[in-house]
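>>> coords please:
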Amino acid sequence: MEFQPPAGREAGTGLECLAGKRGFTRVPTLLHISDLHFGKPFLPDVAEAVVEQSQEIKPDVVVVSGDLTQRAKVQEYSQAAAYLERFKAPVVVTPGNHDVPFYRFGERFLLPYRNYRRYISDQLNTVTQVSQMVIVALNSSRRLTLTNGRIRRSQLDFAERAFDGSDDAQARILVTHHHLAPPPDFDGGNVMPFARRALKRFTRLSVDLILAGHMHRAYIGNSLDFFPGDLRRRGIVIAQCGTTTSRRGRGRERLKNTFNLITIDELSIRIAHHAWIAELSRFMPISEHTFPRGRRQYFDASTRSEGEPELSPVV
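Predicted structure coming up:
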């Protein structure tokens, strides 16, 4: 299916405070969800809350970083497709390792993405331009590996062609399912093979933000946290989402559900990490992160929104 941005979308309440101050007509807003796992682990009430809150937020785009299904079955894909169509925004999707048949070995090796192509998208690597953002989604799942993934050189070339054709003012966002950053507890979550090679290319391409899932617990930080070396002059903001709608949370997010709400202006990237609060029957922000955007490595008075405290330089 094709997801097209709706025409004439109005700004979401409370999210347009920086609009017009730095050349943006409104602050682009991105809802990042992941690891839906339609099937036995899926939580319908939590999924319903995500749609309802999305209608309040009115994001410019919804990103789903893989694992739409639990076992890549037709029924699971049909339900996932119907669910994605309920979002009143363009949806960017990439496959996860669970979106390839696990035990159906003949299908896994011969037609691994048959159901994904039928119900979600015929394209496995996509480019979406919406609201001053260029979003490149790369399929990191592989039919020959059950859990871990990989990004091929041809996919890096695909991303380079996509970003080379974009405006310098547009935010450059990269989406994969598998993580390029280790999990926050470093337990059972090795990064993709050749992660450093991919990050070096993405750094050279001036990628602003990388979105991923897979680990079922969140990490929000910078590529310099774990791959400094020759990349240290400019890092990439990385936001990994836990499982948004399943009971498969791990580590510090065991039995928890999360999503990320991201706003981007010309000088900064702001990420509000949300968790499901059962007592309130909704997702609430539990942490907020602000990063300088692009080559800028610091904040000053010109990057502050109205009402924010002044940031003094450390001497």
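>>> just the helices in this protein please.
Secondary structure of the chain (DSSP state H): helices located at 44-57, 74-84, 105-110, 114-119, 153-164, 195-204.
>>> of all those, which lies closest to residue 275?
Ranking the helices of the chain by proximity to residue 275 (CB to CB) places helix 44-57 first, at 10.8 Å. All C-beta spots, glycine's among them, are computed from the backbone N, C-alpha and C.
>>> sketch out the low-pLDDT regions of this protein for me.
For the chain, applying pLDDT under 70 flags the ranges 1-26, 105-106, 108-109, 143-146, 186-189, 229-233, 295-296, 301-315.
>>> which ones are touching the residue nearest the centre of it?
Taking CA atoms, centre = their mean, the centroid of the chain lies closest to residue 211, which sits 3.4 Å from it. Residues near residue 211 by CB atoms under 8 Å, 6 or more residues apart in numbering: 32, 63, 65, 173, 174, 175, 176, 239, 240, 241, 260.
>>> picking up where we left off before, dump the helices of the chain to a markdown table, plus mean neighbour count and distance to residue 293.
Putting the helices of the chain into a markdown table (neighbours: other CB atoms under 10 Å; distance: least, CB to CB, whole Å) gives the following:
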| stretch | mean neighbour count | distance to residue 293 |
| --- | --- | --- |
| helix 44-57 | 16 | 21 |
| helix 74-84 | 18 | 28 |
| helix 105-110 | 12 | 40 |
| helix 114-119 | 18 | 33 |
| helix 153-164 | 15 | 15 |
| helix 195-204 | 19 | 14 |
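>>> out of the contacts of residue 211, the closest to residue 141 would be?
residue 176 (9.3 Å).
>>> strands of the stretch 101-250 of the chain, start to end?
For the stretch 101-250 of the chain, the strands defined by DSSP state E, counting those that start in this stretch occupy 126-130, 133-137, 171-175, 209-212, 219-222, 237-240.
>>> export these as TSV, with columns for distance to residue 247.
Output for the strands of the stretch 101-250 of the chain, formatted as TSV (distance: least, CB to CB, whole Å):
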stretch	distance to residue 247
strand 126-130	29
strand 133-137	26
strand 171-175	24
strand 209-212	21
strand 219-222	20
strand 237-240	19
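>>> next one: the closest residue to residue 96 other than its chain neighbours relative to residue 154, how far apart?
The spatially closest residue to residue 96, leaving aside those adjacent along the chain, is residue 66, at 2.8 Å (CB to CB, 6 or more residues apart in numbering). For residue 66, the distance to residue 154 equals 19 Å [CB to CB, to the nearest Å].
>>> with residue 162 instead?
Counting by CB to CB, the gap between residue 162 and residue 154 amounts to 13 Å.
>>> got it, and residue 211?
Distance of residue 211 to residue 154, computed by CB to CB: 21 Å.
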